[in-house]
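J.: structure of the sequence below:
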Amino acid sequence: MFVKLRLGVCEVCKSGAKPMKKAFIGVHLRRLREERGLTQLALSKALELSPSYVNQLEKNQRPLTVPILLKINAVFGVDVQMFSEDEEARLIADLRDVLTEPPIDEKIAITEIREIAANMPAVGRAIVGLHRRYRASIERSDALAQRFGLTAEEGGAPLQLMPYEQVRDFFYSRHNYIHELDSAAEKLFMRAGLQVGDVATGLKEYLRKKHSVRVFVEASAEIPTTQRRYDRNAGTLQLSSALNPGQQAFEMATLLAYLEHSDALDDLANEAAAGSDETYRLARIGLAHHFAGALLMPYKPFLDAAERMRYDIERLEQRFGVGFETVCHRLSTLQRPDTRGVPFFFVRVDRAGNISKRQSATDFHFSRVGGTCPLWNVYEAFSVPGRIVTQLARMPDGRTYLWIARTVSRAIGGYGTPAKTFAIGLGCDLSHAHRLVYAKGLDLKTPDAAVPIGVGCKVCERPNCAQRAFPPIGRRTVVDESERRFNPYPVE
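T.: The predicted structure is shown next:
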């Protein structure tokens, strides 16, 4: 099992991985000091450093070291994630998305964006937040204008982010890990004496004894319309016969989230909702599902198994008695500060390219503008249903990711009833790829082995892509009647 310290400073593991580049944290340290009302002298005494050394740290004349970081953590009790290189990369990715879209007329260099992310992260986050509200307002007013037949000038007042977007951003801000619910689920797993791989049996008995809830499976010749129906007055939980044991366990665990942790769900949902009742209700459901996944796959046993099995998803399915999508989603949540797993990006897409789920424990994200990249292997998965396909993909900023994708299908009716089919994608940074069984046979050391993909055609900077669907925003397209090129939309 790998022993890893990922604090934006170094990365050490038993495999002999090279340390990360030096990190300079002047603006973060200065902001922390000012928030606590300390002078440089007071800070130097608290950290047992000389005043000149602290001054050099704040001016980025000295890099952060692990011993100093541990002192900061011990003295101030701050989350060391605030000094993480990944946090900076996430902000850079978001800012690039914002600053390449009209009506911004300036071409802003990536070096300037990195300066904002490194030295003014609060300003960067404010820019991203303002842009998200601006985009939401434009999209919603356009939708209202179409609905009521209004002209562009009459289009409707700006509105908030859509509720599902607010919930998604809440989980993104938490790195897809909710400690309050995850730790509560782990404790309940032990208290209820549940067994890994057969949680359904234990949960059924626990609900009967602790909450006087009888669980029964619906037996009907009709096509089921609901997966779970709880009758509080009758004390019954009705589950669909279309659910397998793992899915039945998930529904029982979801009910337990509402029965035993309603206050925690309320607090977290209010934090996500920002005053919106619909967002609040959606957030409660999402949080209850997070708890359910954590109960079926308790953190430490699941992380230990994942590391031991080298993140082999199909083996984890067998071990924990749940499906491919459920395992992938759980893998994207293993970000407990003291025991982190591989930081994954999880996505679910349909054949039309619609992303219905997107959760990230890392900095990777596709643009909110202009769709996703057709060269991404998540779409290739539809051509080989049920098989896992792998891909080394390199983004325009040079970062390379290992992607795993496979289709999942589910039908609840009989012959002739349309089934739901999605492609599930799970990706991680190349620096973690050696920990995964899916890296077997891949050339992790040759940059040219990776497939060049982008964040979406409208904001992708790649000049020579035969799959380009739209010209890049902010670039003038070359229009020449005398020649026709293989790559569409050439730019000046």
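J.: in terms of pLDDT, where does Glu139 sit?
T.: Confidence at Glu139, expressed as pLDDT, is 60.
J.: begin at 664 from now on, thanks
T.: In the new numbering, first residue 664, that becomes Glu802.
J.: pLDDT weak spots in the stretch 764-913 of the chain?
T.: 764-766, 768, 799, 801-824, 883-887 (pLDDT under 70).
J.: what about the strands in it?
T.: Secondary structure of the stretch 764-913 of the chain (DSSP state E, counting those that start in this stretch): strands at 877-880, 891-894, 899-902.
J.: most tightly packed of the ones you listed?
T.: Most buried of the strands of the stretch 764-913 of the chain by mean neighbour count (mean count of other Cβ atoms under 10 Å) is strand 899-902; its value is a mean of 20. C-beta here means a position set from N, CA and C on the backbone, and glycine is covered the same way.
J.: so what does that one touch, helix or strand wise?
T.: Contact partners of strand 899-902 among helices and strands, from 3 or more Cβ pairs under 8 Å, 6 or more residues apart in numbering; DSSP states H and E: strand 877-880, strand 891-894, helix 908-923.
J.: and those: which comes nearest Val1142?
T.: Judged by Cβ to Cβ, the one of the helices and strands packed on strand 899-902 that comes nearest to Val1142 is helix 908-923, at 54.2 Å.
J.: against Ile731, how distant is the residue at the greatest distance from the centre of the chain?
T.: Computed with Cα atoms, centre = their mean, the residue of the chain farthest from its C-alpha average is Ser1145, at 46.5 Å. The gap separating Ser1145 from Ile731 is 63 Å, by Cβ to Cβ, to the nearest Å.
J.: Gln890 too?
T.: Using Cβ to Cβ, Gln890 is found at 51 Å from Ile731.
J.: same check, this time on Ala781
T.: 18 Å.
J.: how about stretch 1074-1086: buried residues?
T.: Going by neighbour count (16 or more other Cβ atoms under 10 Å), the buried part of stretch 1074-1086 is 1085-1086.
J.: average pLDDT for that stretch?
T.: pLDDT averaged over stretch 1074-1086 gives 79.
J.: what sits up against that stretch?
T.: 886-887, 903, 905, 988, 1011-1014, 1019, 1041-1042, 1044-1045, 1048, 1068-1073 (Cβ atoms under 8 Å, 6 or more residues apart in numbering).
J.: now with 10 Å?
T.: Contacts of stretch 1074-1086 with the rest of the structure, by Cβ atoms under 10 Å, 6 or more residues apart in numbering, involve 885-888, 890, 903-906, 988, 1010-1014, 1017, 1019-1020, 1039-1045, 1048, 1052, 1068-1073.
J.: residues near Gln911, how many?
T.: When counting by other Cβ atoms under 10 Å, one arrives at 22 neighbours for Gln911.
J.: check the gap between it and Arg947 for me.
T.: Applying Cβ to Cβ to Gln911 and Arg947 gives a distance of 21 Å.
J.: what of Tyr1078?
T.: 37 Å.
J.: what do you get for Pro1110?
T.: 45 Å.
J.: same question, Thr774
T.: 43 Å.
J.: more crowded one of those two?
T.: Arg947 (21 against 7).
J.: who's in contact with the nearest residue to that one once chain neighbours are set aside?
T.: Of all residues not flanking Arg947 in the chain, Ala932 sits nearest, at 4.5 Å (Cβ to Cβ, 6 or more residues apart in numbering). By Cβ under 10 Å, 6+ apart, Ala932 lies in contact with 830, 833, 942-951.
J.: repeat that for Glu988.
T.: Here Glu988 is in contact with 976, 980, 1009, 1011, 1020, 1069, 1071, 1073, 1085, 1087, 1089 (Cβ under 10 Å, 6+ apart).
J.: possible to save those residues as TSV with distance to Gln1130 and secondary structure?
T.: Supplementary listing: the contacts of Glu988 in TSV, determined by distance: Cβ to Cβ, whole Å; DSSP: H, G, I helix; E, B strand; the rest coil:
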residue	distance to Gln1130	secondary structure
Ile976	28	helix
Glu980	33	helix
Phe1009	24	strand
Arg1011	22	strand
Lys1020	24	strand
Arg1069	22	strand
Val1071	25	strand
Arg1073	30	strand
Phe1085	22	strand
Ile1087	22	strand
Leu1089	23	strand
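J.: how about these in a markdown table, adding distance to Pro1126?
T.: Below are these laid out as a markdown table (distance: Cβ to Cβ, whole Å):
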| residue | distance to Pro1126 |
| --- | --- |
| Ile976 | 36 |
| Glu980 | 42 |
| Phe1009 | 31 |
| Arg1011 | 31 |
| Lys1020 | 32 |
| Arg1069 | 32 |
| Val1071 | 36 |
| Arg1073 | 41 |
| Phe1085 | 32 |
| Ile1087 | 32 |
| Leu1089 | 30 |
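J.: any idea which of those residues is least confident?
T.: Note: of those, the lowest pLDDT belongs to Arg1073, at 84.
J.: that one reaches Ser903, doesn't it?
T.: No: under the criterion of Cβ atoms under 10 Å, Arg1073 makes no contact with Ser903, lying 11.7 Å away.
J.: shared neighbours of those two, anything?
T.: Shared contacts of Arg1073 and Ser903, counting by Cβ under 10 Å, 6+ apart, come down to Gln910.
J.: quick one, which of those two is more surrounded?
T.: Ser903 (19 against 12).
J.: is it true that that one touches Phe879?
T.: No: under the criterion of Cβ under 10 Å, Ser903 makes no contact with Phe879, lying 11.1 Å away.
J.: how much space separates Ser846 from Leu959?
T.: For Ser846 relative to Leu959 (Cβ to Cβ), the value is 15 Å.
J.: ok, the nearest residue to Thr1063 once chain neighbours are set aside - contacts?
T.: Of all residues not flanking Thr1063 in the chain, Leu1093 sits nearest, at 4.1 Å (Cβ to Cβ, 6+ apart). Leu1093 sits next to 1055-1057, 1062-1065, 1102, 1105, 1107-1108, 1110, 1113 when contact means Cβ under 10 Å, 6+ apart.
J.: break this protein down into its domains, please.
T.: 750-822, 842-959, 1008-1122 (automatic domain parsing).
J.: what about the last one, start to end distance?
T.: Terminal residues of domain 1008-1122 lie 20 Å apart, using Cα to Cα, to the nearest Å.
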